[in-house]
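In: can't give you the sequence, but here's the structure:
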């Protein structure tokens, strides 16, 4: 009989299991059969048989995903499923149809696509993200030259018991907060739903139907990221506002203006981790601009609000919602159920989209107050300052035409800072004179090209003399 150590090494090599895992299976087998019937070597043969290994025969190379190389004809990997596409058909060269399916797997060392052909494409029906699998396959080149696993008639895929997958990381361990996400592919991301997913159906250039699911996510710090899932199957899922969800297998893309956007495909899945109340986002209104008339003739009113975690939101009320927002008023708690969501605003077009909310647990107006020296880039604040100079108003030529720009220097007992307004917001600065004391709510600190901090007025900024 072969030496036990030799048997152990072969089982390790061909199964991909660690030595400790193989020894545990051997001890379990001996305990199950009963004392006096099996030596360690005998138990090793039975364990190998359970694993589909015929000892003494040459077997596939056991590799980590990061070590795969194009051209390998027989490899064995242990991995977990990240995503799985639907079964599709293709025309065979000799006539007739075949089936194929794409899958993405990970093992902690890397992420790799898997192509399953014909019967193998049908065998994985019902498997889901996080399921551990053992894959025997060839390694082929993907369109971008990276290695992919190709599982055909000579390959195999089987589900592992969790006890055999203890060395593999889980979906939970790979999940990132929105704040952690950088550009990349095959990511697992979680965030809070700001508004229910919206399904849009459109016509593609080739005349076929296109389907995209859009949703807006927010992170713990208040960061907001738009997510788009293309080729979504079925109806839009009913996910209440405020729910914590996980998007599995998405790509993070940096847009031209610096914001991050998530893109998924038909294999992307959505998992609800915590179900929200669905009653809308409860916030306190901390600043409110003037009612303005849009080019379409519609009235518009913008407000800045903060939620229980202090995250800022811009509410844009239009039409019937304008008077409702005015009645609720500055400093009040509001529940917002937007009709639509943009990357930087909650759009409310009907009275039903906003209502007065419960006060408890929300930050106060005072929590937004800052001294000039305490201002931080990008964090909206409220100031009480004195006007130190006469406002400077001039016309600036931009790509979109000639626009007005206004500046004035203000300060308190901690420091001074420039207030800057563009276009119609310049009106807020007109009439100010040195020595005026003003209260400014919802101003946004920014850095100019020289690295100097200034404060920009927004449509939701409220400015009044004290």
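Out: Right, received. Where do you want to start? Since the model is a prediction, treat every value here as computed from it, not as a measurement.
In: the helices in the stretch 201-350 of the chain, which residues?
Out: Applying DSSP state H, counting those that start in this stretch to the stretch 201-350 of the chain gives helices spanning 321-328.
In: remind me which residues of it are low pLDDT?
Out: Regions of the stretch 201-350 of the chain meeting the criterion pLDDT under 70 cover residues 222, 257, 277-280, 341-344.
In: can you pull out the strands in it?
Out: Ranges of strands in the stretch 201-350 of the chain, per DSSP state E, counting those that start in this stretch, are 209-218, 224-230, 244-254, 260-264, 269-274, 281-288, 292-293, 299-306, 312-318, 333-336, 340-342, 345-348.
In: Could you identify the helix or strand that succeeds the last one?
Out: Okay, so that is strand 345-348. Using DSSP states H and E, the helix or strand that follows strand 345-348 towards the C-terminus is strand 354-356.
In: could you say what helices and strands that following strand packs with?
Out: The helices and strands touching strand 354-356, judged by 3 or more C-beta pairs under 8 Å, 6 or more residues apart in numbering; DSSP states H and E, are helix 321-328, strand 333-336. (C-beta placed from N, C-alpha, C; glycine too.)
In: so which of these gets nearest residue 401?
Out: helix 321-328 (27.4 Å; C-beta to C-beta).
In: just checking, what packs against that closest one?
Out: Checking 3+ C-beta pairs under 8 Å, 6+ apart, helix 321-328 ends up next to strand 281-288, strand 299-306, strand 312-318, strand 354-356.
In: Tell me which residues of the shortest one come out buried.
Out: It refers to strand 354-356. residue 354 (16 or more other C-beta atoms under 10 Å).
In: And the strands in the stretch 351-466 of the chain?
Out: With DSSP E, counting those that start in this stretch as the criterion, the stretch 351-466 of the chain has strands spanning 354-356, 381-387, 392-398, 401-411, 416-422, 437-447, 453-456, 462-465.
In: Could you dump the ones you listed into JSON lines and include distance to residue 133 and mean pLDDT?
Out: Shown next, in JSON lines, are the strands of the stretch 351-466 of the chain (distance: least, C-beta to C-beta, whole Å; pLDDT from 0 to 100):
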{"stretch": "strand 354-356", "distance to residue 133": "49", "mean pLDDT": "85"}
{"stretch": "strand 381-387", "distance to residue 133": "52", "mean pLDDT": "91"}
{"stretch": "strand 392-398", "distance to residue 133": "56", "mean pLDDT": "85"}
{"stretch": "strand 401-411", "distance to residue 133": "59", "mean pLDDT": "89"}
{"stretch": "strand 416-422", "distance to residue 133": "56", "mean pLDDT": "91"}
{"stretch": "strand 437-447", "distance to residue 133": "50", "mean pLDDT": "91"}
{"stretch": "strand 453-456", "distance to residue 133": "53", "mean pLDDT": "92"}
{"stretch": "strand 462-465", "distance to residue 133": "58", "mean pLDDT": "89"}
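In: Can you add distance to residue 310 and give those strands back as CSV?
Out: CSV is the format used below for those (distance: least, C-beta to C-beta, whole Å):
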stretch, distance to residue 310
strand 354-356, 20
strand 381-387, 12
strand 392-398, 34
strand 401-411, 25
strand 416-422, 22
strand 437-447, 14
strand 453-456, 19
strand 462-465, 19
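In: Once you drop chain neighbours, what's closest to residue 373?
Out: Spatial nearest neighbour of residue 373, excluding adjacent residues (C-beta to C-beta, 6 or more residues apart in numbering): residue 414 at 3.7 Å.
In: For the one you found, which residues are in contact?
Out: Listed by C-beta atoms under 8 Å, 6 or more residues apart in numbering, the contact set of residue 414 reads 371-374.
In: Of those residues, which pair is most distant in space?
Out: 372 and 374 (7.3 Å).
In: If you count surrounding residues, which of these two has more?
Out: Neighbour tally, residue 372 and residue 374, criterion other C-beta atoms under 10 Å: the higher count belongs to residue 372, 20 against 13.
In: excluding its backbone neighbours, what's nearest the more buried one?
Out: residue 415 (4.2 Å).
In: Correct me if wrong: that neighbour contacts residue 373.
Out: Yes. Using C-beta atoms under 8 Å, residue 415 makes contact with residue 373 at a distance of 4.3 Å.
In: Point me to the helix or strand that includes residue 185.
Out: strand 184-193.
In: I meant to write residue 46 there.
Out: helix 40-50.
In: mind listing what's buried in that helix?
Out: Buried residues in helix 40-50, counted by 16+ other C-beta under 10 Å: 41-48.
In: After it, heading C-terminal, what element do we hit next?
Out: Taking DSSP H and E, what comes next after helix 40-50 is strand 61-62.
In: outside of that next one, which residues touch it?
Out: Residues outside strand 61-62 that contact it (C-beta under 8 Å, 6+ apart) are 13-16, 72, 74-78.
In: ok, of those residues, which come out buried?
Out: 14-16, 72, 75-78.
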